[in-house]
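Visitor: Quick one: sequence and predicted model below, then my questions.
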Amino acid sequence: MIFLFFLCATLLISCPSEAAAPSAPKYVLIFLADGGSLGQLEIARLYNRQVHQQELVITGKIMKEGFYGSLTTHSADRLVTDSAAAATAMAGGCKARNGAVGICYDGSIPETVMERARKNGMGTGLITNAPIYDASPAAFIAHVRSRGDYGSILEQYLKFTPELVLGGGRDRFLPQSRTGTQRRDEGDPILLFKAKGYHYVSNRAELKEARGPKVLGLFHPGEMSFEHTRGAGIEPSLSEMAEAALRILHAHNPRGFVLFVESEHIDSAAHQTDAPSLIHAVREFDRTVKLGYEFYKKFPAETLLLVTSDHDTGGLGLTGAASARDLKKLQSVRTSFGKAARLLGERPTVGAIDRLMAEHFSGFVLPIDLKEAILKRKTLGPPFPANPTAAALSAMVSRQIHVSWVSSGHTNQPVFVAALGVGAQQFRGYQDNTDFGRHLLTLLQAKRSR
């Protein structure tokens, strides 16, 4: 073989080469901004610059140092996808019908990225601030016809036994007799996970002390709290979960690992047309991605870092009158629109509204028409959410910082993908979300074949 390479180099001819074999990453880090768009990233980038004099890692590092592409997102039966079909495409490389998790449109069961990683002897981890059984993380391990089949999803998690499971959704892990459960039986999945060797943690302090090799972390009954409404004492942030995951997975998986990290809060905020919460969610997502970038810098020859989205939610954009001064007003917002609606309840008073504004929206003025809408429980119609309080607050913020929403639902806009490291060039250009899954599966197949 040495003689052959010498001959090729001397005669300047093409010869078979080991270097031509597909590159295979040892570490695959997938960061998913559920509901995220390039427009949202840009608004968050501008906010970060104007308010904090900082660049986003996603746009300032990964997109500049790596490869950038776009993904189309339609599902098998709809031009606008849901998270289940999108995640199935990205985890298994096939189109699925909306609502289906890990099942292709023709009924076949694809091998997922996590399943192939397991065959390679690699560790696997799922992180989300949604319930851990939600569609996006589920599609990397489970196969169910309906994303609402939470019982089957948890059973498949238990059978697959990923090394790490962190997020919300404790309500489906508690027996029927326990407070805060959504189960209709006395099943106790936490005990079942413990029996399989998992260290169970339920708060921020316990997560910091967790050492693995297997960890189950459930930090909220449902979706975890938004970043600017989260108490510092109990729930970990998305970045704190990712920090623990990278530490634990790297320490216990010498053959490498695949880690999936999702920010559901971007999607949830966009469904509420809540621009302040969305910007906070994007900034926390970026802090989380920064940890992945720092890991990549330690192991650049072995790591593939991917930052992407499953679909756009809301179609958010700035209008022509927007200014840096407008964005700075968002610093005064101290709560999410959804939490504000819960604070006021179904029978708000003028005094309660005034107190809400003074305590949580001091940089904004609530116009008379929107105050009346809250008091009289009038909906505003599209693109705003159905709750009158959330809708009025969204309309107020949108008018005064000059942002525009297309919808409070998903759109068909292509989404971004930024890739850095081993095999990153495969993700550049204009592709479909099934290509994302196929590229990952091919790269992991290359690792197995070696």
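Guide: Perfect, I can see it now.

Visitor: looking only at pLDDT, what's the mean for the longest helix along the chain?
Guide: Assignment by DSSP state H gives helix 275-298 as the longest helix of the chain. The average pLDDT within helix 275-298 is 98.

Visitor: Give me the residues contacting the next helix or strand after that helix.
Guide: Next helix or strand after helix 275-298 toward the C-terminus (DSSP states H and E): strand 303-308. Strand 303-308 is contacted from outside by 25-33, 58, 62, 66, 71, 90, 289, 292-293, 295-296, 415-424, 427, 436, 443, using CB atoms under 8 Å, 6 or more residues apart in numbering. C-beta here means a position set from N, CA and C on the backbone, and glycine is covered the same way.

Visitor: Could you say which helix or strand holds the residue nearest the centre of the chain?
Guide: Nearest residue to the geometric centre of the chain (CA atoms, centre = their mean): residue 262, 2.3 Å. Taking DSSP H and E as the criterion, residue 262 maps to strand 257-263.

Visitor: Check which helices and strands that strand sits against.
Guide: Where contact means 3 or more CB pairs under 8 Å, 6 or more residues apart in numbering; DSSP states H and E, strand 257-263 is packed against strand 27-33, helix 113-119, strand 123-131, helix 135-138, helix 238-252, helix 275-298.

Visitor: any idea of the mean pLDDT for the next helix or strand after that strand?
Guide: Later in the chain than strand 257-263, the nearest helix or strand by DSSP H and E is helix 265-271. Throughout helix 265-271, pLDDT has a mean value of 98.

Visitor: re earlier: where does the longest helix of the chain sit relative to the chain's centre, distance-wise?
Guide: Distance, stretch centre to chain centre, for helix 275-298: 10 Å (CA atoms, centre = their mean, to the nearest Å).

Visitor: Tell me what angle it forms with strand 27-33.
Guide: Computed with axes from the mean of the first three to the mean of the last three CA atoms, to 10 degrees, the direction of helix 275-298 lies at 170 degrees from that of strand 27-33.

Visitor: for residue 28, what are its contacts?
Guide: Contact partners of residue 28, counting by CB under 8 Å, 6+ apart, are 113, 117, 256-259, 303-304, 306, 440, 443-444.

Visitor: Now do the helices for the stretch 51-200 of the chain: every range, in order, please.
Guide: For the stretch 51-200 of the chain, helices defined by DSSP state H, counting those that start in this stretch occupy the ranges 57, 63-65, 83-92, 113-119, 135-138, 150-160, 189-195.

Visitor: Redo these as CSV? Include mean neighbour count.
Guide: Below are those laid out as CSV (neighbours: other CB atoms under 10 Å):
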stretch, mean neighbour count
helix 57, 20
helix 63-65, 16
helix 83-92, 30
helix 113-119, 21
helix 135-138, 30
helix 150-160, 18
helix 189-195, 16
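
Visitor: Output those helices as TSV; include the columns mean pLDDT.
Guide: Shown next, in TSV, are these (pLDDT from 0 to 100):
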stretch	mean pLDDT
helix 57	98
helix 63-65	97
helix 83-92	98
helix 113-119	98
helix 135-138	98
helix 150-160	97
helix 189-195	97
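
Visitor: Taking strand 27-33 as reference, get the angle to the helix or strand where residue 41 lies.
Guide: Using DSSP H and E, residue 41 maps to helix 38-47. In terms of direction (the same axes, to 10 degrees), helix 38-47 departs from strand 27-33 by 90 degrees.

Visitor: what does the next helix or strand after helix 38-47 contact?
Guide: Going down the chain from helix 38-47, the next helix or strand is helix 57, by DSSP H and E. The contact list for helix 57, computed with CB under 8 Å, 6+ apart, reads 286-287, 289-290, 293.

Visitor: got it, and stretch 379-393?
Guide: With CB under 8 Å, 6+ apart as the criterion, stretch 379-393 contacts 271-274, 314-315, 337-338, 340-341, 344, 348, 361, 366, 370-371, 373-374, 376-378, 394-395, 405-408.

Visitor: Could you turn the buried ones of those into a PyMOL selection?
Guide: Applying 16 or more other CB atoms under 10 Å to those leaves a buried subset, and the PyMOL line that selects it is:
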select buried, resi 271+272+273+274+314+315+337+338+340+341+344+348+361+366+370+371+373+374+394+395+405+406+407+408
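
Visitor: Can you flag which of the contacts of stretch 379-393 belong to helices?
Guide: Counting by DSSP H, the contacts of stretch 379-393 place 271, 337-338, 340-341, 344, 370-371, 373-374, 394-395 in helices.

Visitor: and of those residues, the nearest to residue 194?
Guide: Proximity to residue 194 was ranked across those by CB to CB; first place goes to residue 338, at 33.5 Å.

Visitor: For the closest one, which residues are in contact?
Guide: Going by CB under 8 Å, 6+ apart, residue 338 touches 272, 274, 387, 390.

Visitor: and if we set it to 6 Å?
Guide: Contact analysis of residue 338 by CB atoms under 6 Å, 6 or more residues apart in numbering lists 272, 390.

Visitor: could you measure it against residue 117, distance?
Guide: Using CB to CB, to the nearest Å, we find residue 338 at a distance of 36 Å from residue 117.

Visitor: returning to that earlier point: out of the ones in helices among the contacts of stretch 379-393, who's nearest residue 104?
Guide: Looking at the ones in helices among the contacts of stretch 379-393 and their distance to residue 104, the nearest is residue 271, at 27.2 Å (CB to CB).

Visitor: contacting residues for that closest one?
Guide: By CB under 6 Å, 6+ apart, residue 271 lies in contact with residue 408.

Visitor: Also the one 3 residues further on?
Guide: Contacts here follow CB under 6 Å, 6+ apart; on that basis residue 274 touches 336-337.

Visitor: how about 7 Å then?
Guide: 336-337, 394 (CB atoms under 7 Å, 6 or more residues apart in numbering).

Visitor: Dihedrals phi and psi, residue 378?
Guide: Backbone geometry at residue 378, expressed as degrees, to the nearest 10, gives phi -90, psi 130.

Visitor: Spatially nearest residue to it (excluding sequence neighbours)?
Guide: Leaving out its chain neighbours, the residue that sits closest to residue 378 by CB to CB, 6 or more residues apart in numbering is residue 388, at 5.8 Å.

Visitor: how many neighbours does that neighbour have?
Guide: Residue 388: 22 surrounding residues under other CB atoms under 10 Å.

Visitor: that older thread, mean confidence for the helix holding residue 41?
Guide: In this model, helix 38-47 carries a mean pLDDT of 96.

Visitor: Go ahead and measure how far it is from the middle of the chain.
Guide: Counting by CA atoms, centre = their mean, helix 38-47 is centred 16 Å from the centre of its parent chain.

Visitor: what's the answer for stretch 248-260, then?
Guide: Counting by CA atoms, centre = their mean, stretch 248-260 comes out at 19 Å from the chain centroid.

Visitor: now what about that stretch, what contacts it?
Guide: For stretch 248-260, contacts defined as CB under 7 Å, 6+ apart pick out 26-30, 32, 113-114, 117, 120-127, 137, 140, 163-164, 210-213, 215, 245.

Visitor: and residue 230, what does it touch?
Guide: With contact set as CB under 7 Å, 6+ apart, residue 230 has these partners: residue 237.
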